[in-house]
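Participant: Structural data only, the sequence is not supplied:
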């Protein structure tokens, strides 16, 4: 026989609460394009009449944006993300006097911003085995739109074939290098030399494109050491390696420099090496690093890979055209695809490859903060501002070359502000409004079906503690100010066992002592 289940409700009839709900939010978004989020400001309980409420939006802890939203109605809000990687959107509505709690007046959403399409212009000066390597690498990335410009018939070629009989299509050089150059995220010069096809003003436009935020990658071949080198064009002002006119036509072993072990482009590359080590390359162009950072060297400590920042843009120089040997598995091969991918994506400002970065991820005990830095010496402490406003200073501990970590042990949920020198980020720990704050008004709506099935009732404690009555099964088990209990006789006797409290000889001693006491009392003490 089921017993009645009763529900005692806390709270008062005039309780009310306001909460903010993000109905839908994508995990990924296209950088620069607006995304639509559906928001709801909901009033629960005996809330005062309100037509609208303020909504405050902050992206990564930046300036607040104020919106006016209707209450109890879903509204679509358009938001644009300003940078690649994780963007943290914090929504909140001001707390009102009389509401139960303001813990559910906010919401935190994390959205990963991705570029729509990366546009890459590959300029090949001469057909060679490495050209296909570059093309395959860039075409394998579905997020890359590749435009490939290859010189198949240089001006000095004299074969007597009339131009009208050639099946080649004239390449729109002016349109690409002057009018639409700003639409590209990266320009790759693969063994290109000055041939007179691109005037000096084109190279000057490319140099200005880099200074304004663009990127170029030069994969140097033997021509880079000659008189027609790209370095002897207006690009020489931004390329970080000056050729010495020497070309090493011999086996060389690429080596990551001590500085390169810290840089995100070349760190951990050695973990990709086969058991026998990397294979050798067979050519290197000797250059002198005029600026930037040398990540890899070849013969005689000569720079092999140099990266540099120019204005708002970036430049990479690879002083060899034999990286394709790694792809072919020569002498065991090497991480050719990983190296070139990192160089290309660093040039295009991939957030995961930034030299100076501050990253945070939640753990079971709080937050783990990783600091990536190329600076020498100890780092300043991590400055932490907790959701309650408390300030902490936590020292970083080195975990790898160029990497440091700090642990934030805290059970406080909400938005943390983290800072280290010039870097500042925000990180969310747990939901902005825990589950227990989703429904704060006492109600029997969820339990009503179970109460009805068991003949139980719901009583508000604001009307006083109920009295208890014994009722028979099947009779009403609740009423005004009382609830009933039904005796179910729900017990079972498993067995009965009778045992003596004390051993028999103890009882015999007690009996003898009693007889002796009586005899002495009656026979002797009375005389």
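Facilitator: Structure received. The model shown is predicted, which means the values in this text are computed figures rather than measured ones.
Participant: In the stretch 351-500 of the chain, what residue spans correspond to helices?
Facilitator: Secondary structure of the stretch 351-500 of the chain (DSSP state H, counting those that start in this stretch): helices located at 448-454.
Participant: got it, and the chain?
Facilitator: 129-139, 173-174, 200-211, 324-327, 336-347, 448-454, 504-523 (DSSP state H).
Participant: Let me have those in CSV, adding distance to residue 398 as columns.
Facilitator: For glycine as for every other residue, the C-beta is placed from the backbone atoms N, C-alpha and C. Shown next, in CSV, are those (distance: least, Cβ to Cβ, whole Å):
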stretch, distance to residue 398
helix 129-139, 34
helix 173-174, 50
helix 200-211, 34
helix 324-327, 31
helix 336-347, 22
helix 448-454, 57
helix 504-523, 77
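Participant: Arrange those in CSV, one row each, with distance to residue 308, mean pLDDT and mean neighbour count as further columns.
Facilitator: Below are the helices of the chain laid out as CSV (distance: least, Cβ to Cβ, whole Å; pLDDT from 0 to 100; neighbours: other Cβ atoms under 10 Å):
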stretch, distance to residue 308, mean pLDDT, mean neighbour count
helix 129-139, 21, 81, 18
helix 173-174, 26, 80, 14
helix 200-211, 10, 92, 18
helix 324-327, 24, 89, 22
helix 336-347, 10, 90, 21
helix 448-454, 69, 88, 12
helix 504-523, 101, 83, 10
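Participant: Relative to residue 14, which of those helices is closest?
Facilitator: helix 448-454 (21.5 Å; Cβ to Cβ).
Participant: list the buried ones in the longest strand anywhere in the chain?
Facilitator: Taking DSSP state E as the criterion, the chain has its longest strand at strand 35-45. Applying a neighbour-count criterion of 16 or more other Cβ atoms under 10 Å, one finds 35, 37, 39-41, 43-45 buried in strand 35-45.
Participant: Of all the helices of the chain, which one is nearest residue 479?
Facilitator: Nearest to residue 479, of the helices of the chain and by Cβ to Cβ, is helix 448-454 at 13.9 Å.
Participant: list the contacts for the nearest residue to residue 57 once chain neighbours are set aside?
Facilitator: Closest residue to residue 57 apart from its sequence neighbours, by Cβ to Cβ, 6 or more residues apart in numbering: residue 65 at 4.4 Å. Contacts for residue 65 were tallied using Cβ atoms under 8 Å, 6 or more residues apart in numbering; they are 56-58.
Participant: So residue 65 versus residue 179, what's the distance?
Facilitator: Residue 65 sits 36 Å away from residue 179, going by Cβ to Cβ, to the nearest Å.
Participant: before we move on, what about residue 480?
Facilitator: 84 Å.
Participant: of these two, who's got more company?
Facilitator: residue 179 (11 against 8; other Cβ atoms under 10 Å).
Participant: related to what we said a few turns ago, what would the contacts of residue 65 look like in JSON lines with neighbour count and distance to residue 174?
Facilitator: Below are the contacts of residue 65 laid out as JSON lines (neighbours: other Cβ atoms under 10 Å; distance: Cβ to Cβ, whole Å):
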{"residue": "56", "neighbour count": "16", "distance to residue 174": "49"}
{"residue": "57", "neighbour count": "18", "distance to residue 174": "44"}
{"residue": "58", "neighbour count": "17", "distance to residue 174": "45"}
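Participant: Adding pLDDT and distance to residue 9, write these out as CSV.
Facilitator: Below are those laid out as CSV (pLDDT from 0 to 100; distance: Cβ to Cβ, whole Å):
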residue, pLDDT, distance to residue 9
56, 89, 33
57, 89, 36
58, 85, 37
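Participant: Pipe those into JSON lines and attach distance to residue 148 per row.
Facilitator: As requested, these are arranged in JSON lines below (distance: Cβ to Cβ, whole Å):
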{"residue": "56", "distance to residue 148": "48"}
{"residue": "57", "distance to residue 148": "43"}
{"residue": "58", "distance to residue 148": "43"}
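Participant: so residue 356 touches residue 403, yeah?
Facilitator: No: at 11.9 Å, residue 356 and residue 403 do not qualify as touching, with contact defined as Cβ atoms under 8 Å.
Participant: Quick check: neighbours shared by these two?
Facilitator: In contact with both residue 356 and residue 403: residue 372, using Cβ under 8 Å, 6+ apart.
Participant: of these two, who's got more company?
Facilitator: residue 403 (17 against 14).
Participant: and that one, bridged to which residues?
Facilitator: residue 372, residue 400 (DSSP bridges).
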